[in-house]
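S.K.: My questions are about this predicted structure, shown below with the sequence.
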Amino acid sequence: MCASEVLNIGASTVQKQRPHDAPLCAQSLPTPLGAEVAHQETIATPLQEILGADTRLMRCSTGASVAPANLPTSGVVGIFFCAHWCPPCKRFMPSLLEAYDSVRAAGKEFEVVMLPADRNETEFREHCSTLPWVTTSFKDRRLMMQLMGRLGVGGFPSLVLLDASTGHVLSTEGRKAVTADPSAAAFPWHAPSSPP
């Protein structure tokens, strides 16, 4: 059982805050991308449950398709909310790129799933063209909006760090952690109240 509660208020769905050590699982979330959940014989990974098994992701730099099932099942996954037009996002990007490269060069599992709020497809393509992580398509805003609500994200840039094996939130302050430690010496950047 997940430690969260969903409230329906008119046409809006509001997610109450849940403890940072509680998993973000499908039981606590609206159906992924509004689709009906079919009985499945296979067990979904926590990231499949969070993102939706049918969510289409792609590697930013190459455009290659990446299924949620192929995301890491151990280590850390950062859910990165950003926009090309956002000056603080542009200032944060070099620190996140440095941290991403440092962690992966050390042989540790770290992936970033970018959920962009770019204004048009040209801006989106320019934003993605040189980035090493994965993203949704430009046209898929529903997942970004769902996860912003579920994770309590109120602005850009925001980086929420998840334990890939459990779906537990390690930190909702990933931006602060990475900005203070772009060399990733303190990776996986647990929140002070989270267990290491």
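M.R.: Okay, I see it. Residues are numbered from 1 along each chain as shown.
S.K.: In this protein, which helix is the longest?
M.R.: Longest helix of the chain, by residue count under DSSP state H: helix 87-105.
S.K.: got the contact list for that one?
M.R.: Residues from elsewhere that reach helix 87-105, judged by CB atoms under 8 Å, 6 or more residues apart in numbering: 76, 78, 80, 82-84, 110, 112, 131-133, 156-157, 159, 175, 178-179, 181-184, 187. For glycine as for every other residue, the C-beta is placed from the backbone atoms N, C-alpha and C.
S.K.: now the strands for this structure?
M.R.: Under the criterion DSSP state E, strands of the chain are mapped to 6-9, 12-15, 57-59, 65-66, 76-82, 110-116, 134-136, 158-163, 169-171.
S.K.: how close does the residue nearest to the spatial centre of the chain get to residue 107?
M.R.: Nearest residue to the geometric centre of the chain (CA atoms, centre = their mean): residue 79, 1.8 Å. If you measure residue 79 against residue 107 using CB to CB, to the nearest Å, the figure is 23 Å.
S.K.: for this protein, which spans come out with low pLDDT?
M.R.: The model of the chain has pLDDT under 70 over residues 1-43, 191-196.
S.K.: ok, residue 151 - contacts?
M.R.: With CB under 8 Å, 6+ apart, residue 151 has these contacts: 24, 79, 158, 160, 169, 172.
S.K.: mind putting those residues in TSV, distance to residue 55 included?
M.R.: Formatted as TSV, the contacts of residue 151 follow (distance: CB to CB, whole Å):
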residue	distance to residue 55
24	14
79	12
158	19
160	16
169	19
172	21
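S.K.: Which one of those residues is nearest to residue 117?
M.R.: Within the contacts of residue 151, distances to residue 117 taken as CB to CB reach their minimum at residue 158, with 10.8 Å.
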